[in-house]
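> Below is the structure, and that's it, no one-letter string:
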């Protein structure tokens, strides 16, 4: 009976050894898998870190490009505003010059009308003066003729 118990225990011990060996083999396989998984995790972490750095660099470059573009757009907007304000000022200046020119033209028109009236008046006066001069000339000619007749009569009387 002792021998059979011992044999049963030995068989049991063999089964336990086999289970322990299988468990050790499974544990070893799990440790290899864990090591491979740890390696893969490190690779993935390195990849994520690398990609994160790349994304950070791309974001930084994109921000710089965006800032540069924003600055250029602001400068262009300022330039366009300045040009528009300059154009508005120039337009206002031209409108003022046009108003002044219209006023000068109106004054010149008034002066021209006044001068035309003076010219017409002077022409009328000249015409009247010519007519008067012609009347005086005719009167002078008549008076000379009368004087000559009177002198001839007086000379004729004095000789007689």
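Perfect, thanks for sending it. Since the model is a prediction, treat every value here as computed from it, not as a measurement.
> From the chain's centroid, how far away is stretch 37-51?
53 Å (Cα atoms, centre = their mean, to the nearest Å).
> Identify the residues contacting that stretch?
The contact list for stretch 37-51 (Cβ atoms under 8 Å, 6 or more residues apart in numbering) is empty. (Glycine included, C-beta is placed from N, CA and C.)
> The same query, at a cut-off of 10 Å, please.
Contact partners of stretch 37-51, identified using Cβ atoms under 10 Å, 6 or more residues apart in numbering, comprise 30, 55.
> what's the answer for stretch 113-131, then?
With Cβ under 10 Å, 6+ apart, stretch 113-131 has contacts from 108, 132.
> so residue 58 is in which element?
helix 2-159 (DSSP states H and E).
> What mean pLDDT does that helix get?
Average pLDDT, helix 2-159: 94.
> List the residues that contact the residue nearest in space to the middle of the chain.
The residue lying closest to the centre of the chain (Cα atoms, centre = their mean) is residue 80, at 1.4 Å. With Cβ under 10 Å, 6+ apart as the criterion, no residue contacts residue 80.
> Any figure for the gap between it and residue 67?
20 Å (Cβ to Cβ, to the nearest Å).
> One more: residue 85?
For residue 85, the distance to residue 67 - Cβ to Cβ - is 26 Å.
> what do you get for residue 20?
Counting by Cβ to Cβ - residue 20 and residue 67 are separated by 67 Å.
> ditto for residue 17
For residue 17, the distance to residue 67 - Cβ to Cβ - is 72 Å.
> same thing with residue 37?
As judged by Cβ to Cβ, residue 37 and residue 67 stand 43 Å apart.
> And for residue 52?
Residue 52 is 22 Å from residue 67, by Cβ to Cβ.
> Ok, residue 129 next?
89 Å.
> likewise residue 144?
109 Å.
> Ok, residue 75 next?
13 Å.
> residue contacts, residue 18?
So residue 18 contacts nothing (Cβ under 10 Å, 6+ apart).
> Number the residues from 833 up from this point.
Yep, numbering from 833; the last one is residue 850 now.
> Could you measure from it over to residue 837?
20 Å.
> cool, residue 847 as well?
Residue 847 is 15 Å from residue 837, by Cβ to Cβ.
> and what of residue 966?
Counting by Cβ to Cβ - residue 966 and residue 837 are separated by 182 Å.
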